[in-house]
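>>> got a structure for you, letters missing:
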(Lines give C-alpha, C1' and ligand atoms only; values in the text may rest on other atoms or scores of the structure.)
Protein backbone atom coordinates (compact mmCIF):
# COMPACT_ATOMS: atom_id res chain seq x y z
CA UNK A 1 0.00 0.00 0.00
CA UNK A 2 2.71 2.51 0.93
CA UNK A 3 5.93 2.23 -1.07
CA UNK A 4 8.48 1.98 1.74
CA UNK A 5 11.38 0.83 -0.40
CA UNK A 6 11.97 4.42 -1.54
CA UNK A 7 11.60 6.14 1.84
CA UNK A 8 14.79 7.37 3.49
CA UNK A 9 13.60 6.01 6.86
CA UNK A 10 12.80 2.48 5.64
CA UNK A 11 15.87 1.02 7.34
CA UNK A 12 14.54 2.11 10.75
CA UNK A 13 11.12 0.46 10.31
CA UNK A 14 12.30 -3.14 10.39
CA UNK A 15 10.50 -5.85 8.44
CA UNK A 16 6.96 -5.06 9.54
CA UNK A 17 4.49 -3.76 6.97
CA UNK A 18 3.13 -0.30 7.70
CA UNK A 19 0.01 -0.66 9.82
CA UNK A 20 -1.64 0.96 12.81
CA UNK A 21 0.67 -1.24 14.89
CA UNK A 22 3.62 0.69 13.42
CA UNK A 23 2.40 3.76 15.28
CA UNK A 24 2.98 2.01 18.64
CA UNK A 25 6.72 1.93 17.93
CA UNK A 26 7.00 5.27 16.17
CA UNK A 27 9.08 6.77 18.97
CA UNK A 28 11.72 4.06 18.46
CA UNK A 29 11.78 4.61 14.68
CA UNK A 30 12.23 8.37 15.07
CA UNK A 31 14.92 7.93 17.74
CA UNK A 32 16.89 5.57 15.45
CA UNK A 33 16.59 7.96 12.52
CA UNK A 34 17.77 10.95 14.55
CA UNK A 35 20.64 8.99 16.11
CA UNK A 36 21.77 8.05 12.60
CA UNK A 37 21.57 11.62 11.29
CA UNK A 38 20.92 14.40 13.87
CA UNK A 39 20.58 16.99 11.08
CA UNK A 40 17.17 15.49 10.28
CA UNK A 41 15.71 17.10 13.42
CA UNK A 42 15.13 20.33 11.45
CA UNK A 43 13.13 20.90 8.25
CA UNK A 44 14.71 22.66 5.28
CA UNK A 45 12.38 25.63 5.83
CA UNK A 46 10.56 26.53 9.04
CA UNK A 47 8.43 29.68 8.92
CA UNK A 48 7.93 32.05 11.83
CA UNK A 49 5.34 30.92 14.33
CA UNK A 50 5.76 27.22 13.56
CA UNK A 51 6.39 24.92 16.51
CA UNK A 52 7.86 21.44 16.86
CA UNK A 53 7.34 19.53 20.11
CA UNK A 54 9.07 16.22 20.78
CA UNK A 55 11.17 14.03 18.52
CA UNK A 56 10.56 14.66 14.82
CA UNK A 57 12.67 13.54 11.85
CA UNK A 58 12.47 15.23 8.45
CA UNK A 59 13.45 14.14 4.98
CA UNK A 60 15.29 16.47 2.63
CA UNK A 61 13.47 19.57 1.40
CA UNK A 62 10.62 19.56 3.96
CA UNK A 63 8.75 22.80 4.66
CA UNK A 64 6.92 23.69 7.88
CA UNK A 65 4.69 26.71 7.34
CA UNK A 66 3.59 29.65 9.45
CA UNK A 67 1.63 28.64 12.52
CA UNK A 68 2.08 24.91 11.93
CA UNK A 69 2.36 22.57 14.93
CA UNK A 70 4.10 19.21 14.83
CA UNK A 71 3.93 16.99 17.92
CA UNK A 72 6.26 14.00 17.90
CA UNK A 73 7.08 11.36 17.52
CA UNK A 74 6.65 12.03 13.83
CA UNK A 75 8.64 11.28 10.70
CA UNK A 76 8.46 12.79 7.23
CA UNK A 77 9.76 11.64 3.86
CA UNK A 78 11.48 13.96 1.43
CA UNK A 79 9.81 17.16 0.17
CA UNK A 80 6.81 17.13 2.53
CA UNK A 81 4.86 20.30 3.30
CA UNK A 82 3.14 20.91 6.63
CA UNK A 83 1.67 24.26 5.89
CA UNK A 84 -0.07 27.23 7.42
CA UNK A 85 -2.03 26.45 10.59
CA UNK A 86 -1.76 22.67 10.09
CA UNK A 87 -1.18 20.25 12.95
CA UNK A 88 0.46 16.83 12.73
CA UNK A 89 0.55 14.62 15.81
CA UNK A 90 2.29 11.22 16.15
CA UNK A 91 2.23 10.43 12.44
CA UNK A 92 4.31 9.28 9.46
CA UNK A 93 4.42 10.84 5.99
CA UNK A 94 5.84 9.39 2.77
CA UNK A 95 7.70 11.44 0.18
CA UNK A 96 6.16 14.51 -1.51
CA UNK A 97 3.03 14.62 0.67
CA UNK A 98 1.22 17.79 1.67
CA UNK A 99 -0.96 18.98 4.52
CA UNK A 100 -0.60 22.49 3.20
CA UNK A 101 -3.15 24.57 5.10
CA UNK A 102 -5.58 24.25 7.99
CA UNK A 103 -5.18 20.46 8.24
CA UNK A 104 -5.17 18.09 11.21
CA UNK A 105 -3.39 14.73 10.96
CA UNK A 106 -3.44 12.67 14.14
CA UNK A 107 -1.90 9.23 14.71
CA UNK A 108 -1.90 8.47 11.00
CA UNK A 109 0.24 7.01 8.25
CA UNK A 110 0.20 9.09 5.07
CA UNK A 111 1.66 7.57 1.91
CA UNK A 112 3.75 9.27 -0.76
CA UNK A 113 2.36 11.89 -3.17
CA UNK A 114 -0.68 12.51 -0.97
CA UNK A 115 -2.46 15.86 -0.89
CA UNK A 116 -4.84 16.95 1.85
CA UNK A 117 -7.02 19.81 0.64
CA UNK A 118 -7.53 22.90 2.77
CA UNK A 119 -9.22 22.04 6.05
CA UNK A 120 -9.08 18.26 5.60
CA UNK A 121 -8.84 16.33 8.87
CA UNK A 122 -7.67 12.82 9.73
CA UNK A 123 -9.53 12.30 13.01
CA UNK A 124 -7.89 10.12 15.65
CA UNK A 125 -10.41 9.83 18.49
CA UNK A 126 -13.89 8.36 18.60
CA UNK A 127 -16.70 10.46 20.11
CA UNK A 128 -17.40 7.72 22.66
CA UNK A 129 -13.66 7.54 23.53
CA UNK A 130 -13.51 3.77 22.87
CA UNK A 131 -10.27 2.32 21.53
CA UNK A 132 -9.70 1.79 17.82
CA UNK A 133 -7.77 -1.39 16.99
CA UNK A 134 -6.55 -1.46 20.59
CA UNK A 135 -5.19 2.08 20.43
CA UNK A 136 -6.60 5.05 22.37
CA UNK A 137 -5.81 7.31 19.39
CA UNK A 138 -5.84 5.98 15.86
CA UNK A 139 -6.15 8.07 12.72
CA UNK A 140 -6.06 6.83 9.14
CA UNK A 141 -3.77 5.04 6.75
CA UNK A 142 -3.67 6.70 3.34
CA UNK A 143 -1.98 4.86 0.49
CA UNK A 144 0.17 6.49 -2.17
CA UNK A 145 -1.28 9.07 -4.59
CA UNK A 146 -4.37 9.75 -2.46
CA UNK A 147 -6.20 13.08 -2.78
CA UNK A 148 -8.50 14.21 0.04
CA UNK A 149 -10.65 17.22 -0.83
CA UNK A 150 -11.18 20.44 1.07
CA UNK A 151 -12.92 20.22 4.45
CA UNK A 152 -13.23 16.43 4.31
CA UNK A 153 -13.04 14.50 7.57
CA UNK A 154 -11.64 10.96 7.53
CA UNK A 155 -12.95 9.00 10.53
CA UNK A 156 -10.62 7.18 12.96
CA UNK A 157 -9.35 3.78 11.82
CA UNK A 158 -10.05 4.26 8.11
CA UNK A 159 -7.72 2.72 5.52
CA UNK A 160 -7.71 4.36 2.08
CA UNK A 161 -6.09 2.45 -0.79
CA UNK A 162 -3.60 3.75 -3.33
CA UNK A 163 -4.82 6.30 -5.85
CA UNK A 164 -8.17 7.07 -4.22
CA UNK A 165 -9.47 10.58 -4.73
CA UNK A 166 -12.14 11.81 -2.34
CA UNK A 167 -13.58 15.13 -3.44
CA UNK A 168 -14.75 16.01 0.06
CA UNK A 169 -17.49 18.37 1.00
CA UNK A 170 -18.30 20.46 -2.02
CA UNK A 171 -21.03 21.61 -4.33
CA UNK A 172 -20.25 20.35 -7.81
CA UNK A 173 -20.91 22.48 -10.87
CA UNK A 174 -23.83 21.67 -13.12
CA UNK A 175 -23.46 19.34 -16.10
CA UNK A 176 -22.89 22.29 -18.44
CA UNK A 177 -20.22 23.76 -16.13
CA UNK A 178 -22.29 26.72 -14.98
CA UNK A 179 -22.77 27.82 -11.41
CA UNK A 180 -25.62 26.38 -9.37
CA UNK A 181 -28.84 28.29 -8.85
CA UNK A 182 -31.18 27.78 -5.93
CA UNK A 183 -33.35 25.52 -8.11
CA UNK A 184 -30.46 23.37 -9.32
CA UNK A 185 -29.25 22.93 -5.74
CA UNK A 186 -32.71 21.70 -4.73
CA UNK A 187 -32.69 19.27 -7.65
CA UNK A 188 -29.21 18.01 -6.75
CA UNK A 189 -29.77 17.52 -3.02
CA UNK A 190 -33.50 16.76 -2.65
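In hand now; what should we look at? In this text the structure is predicted, and so the values were computed from the model without any measurement.
>>> What lies in contact with the longest helix seen in the chain?
Longest helix of the chain, by residue count under DSSP state H: helix 26-36. Residues from elsewhere that reach helix 26-36 (Cβ atoms under 8 Å, 6 or more residues apart in numbering): 9, 12-13, 22, 40-41, 55-57, 72-75, 90, 92. Just so you know, the C-beta spots here come from the backbone N, C-alpha and C atoms, and that holds for glycine as well.
>>> redo that, cut-off 10 Å
The contact list for helix 26-36 (Cβ atoms under 10 Å, 6 or more residues apart in numbering) reads 8-9, 11-14, 22-23, 40-41, 54-59, 72-75, 90-92, 107, 109.
>>> Just the ones of the residues you listed in strands?
Using DSSP state E, the subset of those located in strands is 56-57, 74-75, 92, 109.
>>> Residue 85 is in contact with residue 103, isn't it?
Yes - counting by Cβ atoms under 10 Å, residue 103 is a contact partner of residue 85 at 8.3 Å.
>>> Give me the common contacts of the two.
Common contacts of residue 85 and residue 103 (Cβ under 10 Å, 6+ apart): 68, 118-119.
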